[in-house]
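Chemist: What follows is a predicted protein model with its sequence.
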Amino acid sequence: MGQPQHRSFRIRHILLPVILIAVASCSRPARRPVSLVITGGGVVTMDPAHRILSPGAVAVDGRDIVAVGTPGEIARQFSAAETIDAAGALVLPGLVNTHTHAPMVMYRGLADDLALMDWLQKYIFPAEAKTVSAEMVRIGTRLAALEMIQSGTTTFADMYYFEDEIARATRAAGLRAVLGQSVIGFPVADAKTPADGLARAEAFIKEFAGDDLITPAPAPHSPYTVDEATLRAVRGLADRYKTPILIHLAETEDEVAIVRARHKMTPTAWLESIGLLGPGVVAAHGVWLTDEDIGILKRTGASVSHNPESNMKLASGTAPVPKYLAAGVTVGLGTDGAASNNDLDMFEAMRQAALLHKHASRDPQAVPAATALEMATMAGARALGLDKAIGSIEVGKRADLIVVAMDGARQTPMYNPVSHLVYVARGGDVRSTVVNGKVLMRDRRMRTLDERVVIADARALALKVREAVAATR
């Protein structure tokens, strides 16, 4: 009689822990499946509170950020199809380049150490006349996209020719962009007249309207290369389709002198007088603006893309960025094209912006590191009209994120993550790049572009560019 009782006790003793574990498992909330979790690194959110989580984690589902918290919090709530370990790194919003000419990477180093007008008229415009084609634009854009993904840019604004080809190559690479079809007052590769340029711009806008990654726009080159009637037509086109406008503005003293001679006012005042300026207008450079001009930008809601490296390299001058900031004008950062920079590294643009204005003003607080980082993220997104979707790591925003290594000798020690991002980090420190929730590069391995093919195509095209340019001299 005793043996069965002992056996029953032993069975109850074994089953009890199993039952308790099962009950506990049933009472624990199920973890939500998501597409991606980035965890273990510091998270520099750039949100309104400028939170930095150390360590932190970000959960992404599809194209959206669904949670930001500590690694423990995210692990308890979510199970991910893919996890990126960001230990020893910083996670931050993807950088926003507010002004470039992507295919001009094919002219990188073609002509250096020249003033803008000489550079353009003696070298770049003749080179473009001989070499710009749909194929050149496609190959150049793929090379630019590769460079931007590898250096942490997730959104860029572009002005060039055959912008539909740029859009297709950009979308295939997985990048986000505001792309402006150029309109200019003399014959170019894709348009013989300004009217042709306007027609191309309208067709381009229609083709990419509502695209998830591409925002199409018209891009009149500048106040000195586009006449009044065409600029008014551009304004009408942008109003009709609710698009931004991208334009160069007051880049050099020569430009200001040309416009003053023609219209008896500054380029900024003239653009306001014909109704071009307004919210959604991104004015590249803005080097030679008066205090009155700055007031016009603030009043009209136009934004500025500051391009410190090309401005310095072409000796165009120093933009009054501290005055812009004090006036409340939105200022984003740009690299300009790689023909005048000579790269697309936004970390370099941040550092140079912070240093240039300290030097020019002899004020170490003129553009602090935090301001430079803001210009490369949230302010850039605001300038492009995308601040509700990108520019910070917040729930509900698109998952445009980068992971930047901070575990090397150059980054050690790290007391202030923001300082390191601006004064220490370089584009080559970017480990992983995510746009719209899609991993474009992980641990320096490209997923959307074949690096060897892109570079081989660019090198082959460079031989043709070299031959064409040699024939013009």
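Modeler: Happy to help now that I have it. Numbering: from 1, shown residues only.
Chemist: what residues are up against the spatially most central residue of the chain?
Modeler: Central residue of the chain (CA atoms, centre = their mean): Val96, 2.4 Å from the mean position. Contacts for Val96 were tallied using CB atoms under 8 Å, 6 or more residues apart in numbering; they are 153-156, 332-333, 346, 376-377, 380-381, 383-384, 386, 390-391. Any C-beta I mention is one placed from the backbone N, CA and C, and that applies to glycine too.
Chemist: Mind jotting down where the helices sit in the stretch 251-400 of the chain?
Modeler: Remark: helices assigned in the stretch 251-400 of the chain by DSSP state H, counting those that start in this stretch are 253-263, 267-273, 291-300, 308-313, 321-327, 346-361, 369-376, 378-383.
Chemist: Would you tell me what the next helix or strand after the last one is?
Modeler: Scanning forward in sequence from helix 378-383, with DSSP states H and E defining helices and strands, the next element found is strand 401-405.
Chemist: and the residue nearest to the centre of the chain, that's in a strand?
Modeler: Yes - the assignment for Val96, made by DSSP: H, G, I helix; E, B strand; the rest coil, places it in a strand.
Chemist: what does the model give it for pLDDT?
Modeler: As predicted, Val96 sits at a pLDDT of 99.
Chemist: May I have the beta-bridge partners of it?
Modeler: Counting by DSSP bridges, Val96 forms beta bridges with Thr155.
Chemist: And it, how close does it get to Tyr224?
Modeler: Between Val96 and Tyr224 the distance, using CB to CB, to the nearest Å, works out to 27 Å.
Chemist: which residues sit in contact with the closest residue to Leu95 other than its chain neighbours?
Modeler: In this structure, Leu95 finds its nearest non-sequential neighbour in Met346, 4.1 Å apart by CB to CB, 6 or more residues apart in numbering. Met346 sits next to Leu95, Val96, Asn97, Ser151, Gly152, Thr153, Leu333, Thr335, Ala376, Gly427 when contact means CB under 8 Å, 6+ apart.
Chemist: could you redo the last one with a cut-off of 10 Å?
Modeler: 94-98, 100, 148, 151-154, 156, 333-335, 375-377, 380, 427, 430 (CB atoms under 10 Å, 6 or more residues apart in numbering).
Chemist: My guess is Ile247 contacts Thr230. True?
Modeler: No - counting by CB atoms under 10 Å, Ile247 does not reach Thr230; the two are 11.6 Å apart.
Chemist: and of the contacts of Val96, the nearest to Pro55?
Modeler: Closest approach between those and Pro55, by CB to CB: Thr377, at 20.3 Å.
Chemist: what are the phi and psi values for the closest one?
Modeler: Note on Thr377: backbone dihedrals following degrees, to the nearest 10 are phi -130, psi -90.
Chemist: can you tell me how far it sits from Ser316?
Modeler: 25 Å.
Chemist: Pick out whichever of those two has more residues nearby.
Modeler: Thr377 (31 against 23; other CB atoms under 10 Å).
Chemist: surely the more buried one meets Gly332?
Modeler: Yes - taking contacts as CB under 10 Å, Thr377 lies within contact range of Gly332: 9.3 Å.
Chemist: Identify the contacts common to these two.
Modeler: What both Thr377 and Gly332 touch, as defined by CB under 10 Å, 6+ apart, is the set Val96, Gly391.
Chemist: could you flag which of the contacts of Met346 are buried?
Modeler: Buried members of the contacts of Met346, scored by 16 or more other CB atoms under 10 Å, are 94-98, 100, 148, 151-154, 156, 333-335, 375-377, 380, 427, 430.
Chemist: Buried ones in stretch 466-473, by neighbour count?
Modeler: Applying 16+ other CB under 10 Å to stretch 466-473 flags Val469 as buried.
Chemist: Might one say that Leu356 is in contact with Pro308?
Modeler: Yes - proximity of Leu356 to Pro308 meets the contact threshold set by CB under 10 Å, at 4.9 Å.
Chemist: between these two, what contacts are shared?
Modeler: The contact lists of Leu356 and Pro308 share Thr318, Ala319, Val321, Val367, where a contact means CB under 10 Å, 6+ apart.
Chemist: Let's have the residues you listed in a markdown table, adding distance to Ala67.
Modeler: What follows is these, written out as a markdown table (distance: CB to CB, whole Å):
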| residue | distance to Ala67 |
| --- | --- |
| Thr318 | 43 |
| Ala319 | 39 |
| Val321 | 36 |
| Val367 | 33 |
